[in-house]
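Chemist: just a sequence and a predicted model for now, questions to come.
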Amino acid sequence: MNPKKILDSLMGKSSGVLNNKNRFFNLFKKSVTKSNKVKEFSGIKSDLSAVFGLVGDFLTGKYKEVSKTSLLLIIGSFLYLLNPMDIVPDFIIGIGFLDDLAIFTYMIKKIQGELDKYKIWKEKQ
């Protein structure tokens, strides 16, 4: 499994979501709900909270200092999470969310600089 290739393959769909605020908001809400149920995400909980905070603040217009590339990576990760028939189907108990974890871990690593800037901005608010 290659997270970069997977997220690259989702860039077209991600761009469509980014250009439609209602779709982006709905995708965001569904991703937050689903990720809260995924115990495999416990190790990235802090970073995931930052991602969700960044997206929430971006969607409400409070935070605008995020690159389009980072937003596309985030959206691609959300799309992957919400696809129940991804590389390892989510219904396979014990391993169904390991591929989702790999995608989110990769995305977080790629946007870490953006997350750091966001956390500094958030502390000042």
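Modeler: That came through fine.

Chemist: residue 75 touches residue 26, doesn't it?
Modeler: No. Counting by CB atoms under 8 Å, residue 75 does not reach residue 26; the two are 11.7 Å apart. For every residue, glycine as well, the C-beta is placed using N, CA and C.

Chemist: so between the two, which is more surrounded?
Modeler: Neighbours of residue 75 and residue 26, each counted by other CB atoms under 10 Å, are more numerous for residue 75; the result is 26 against 12.

Chemist: and the gap between residue 6 and residue 31?
Modeler: In this view, residue 6 and residue 31 are 16 Å apart by CB to CB, to the nearest Å.

Chemist: who has more neighbours out of these two?
Modeler: Between residue 6 and residue 31, counting by other CB under 10 Å, residue 31 is the more crowded of the two (23 against 19).

Chemist: can you say which helix or strand has the closest residue to residue 114 other than its chain neighbours in it?
Modeler: Of all residues not flanking residue 114 in the chain, residue 70 sits nearest, at 4.6 Å (CB to CB, 6 or more residues apart in numbering). Take DSSP states H and E as the rule and residue 70 turns out to sit in helix 68-82.

Chemist: identify all contacting residues around the helix or strand that that helix is followed by.
Modeler: Counting by DSSP H and E, the element after helix 68-82 in chain order, helix or strand, is helix 98-110. By CB atoms under 8 Å, 6 or more residues apart in numbering, the surrounding residues in contact with helix 98-110 are 1, 3-4, 6-7, 38, 40-41, 43-44, 47-48, 51, 70, 73-74, 76-77, 80-81, 86-88, 90, 115.

Chemist: okay, buried residues for the host helix or strand of residue 52 please.
Modeler: Element membership for residue 52, per DSSP H and E: helix 45-59. When burial is assessed from 16 or more other CB atoms under 10 Å, helix 45-59 yields the following buried residues: 47, 48, 50, 51, 52, 53, 54, 55, 57, 58.

Chemist: any idea how far residue 23 is from the first one?
Modeler: Counting by CB to CB, the gap between residue 47 and residue 23 amounts to 24 Å.
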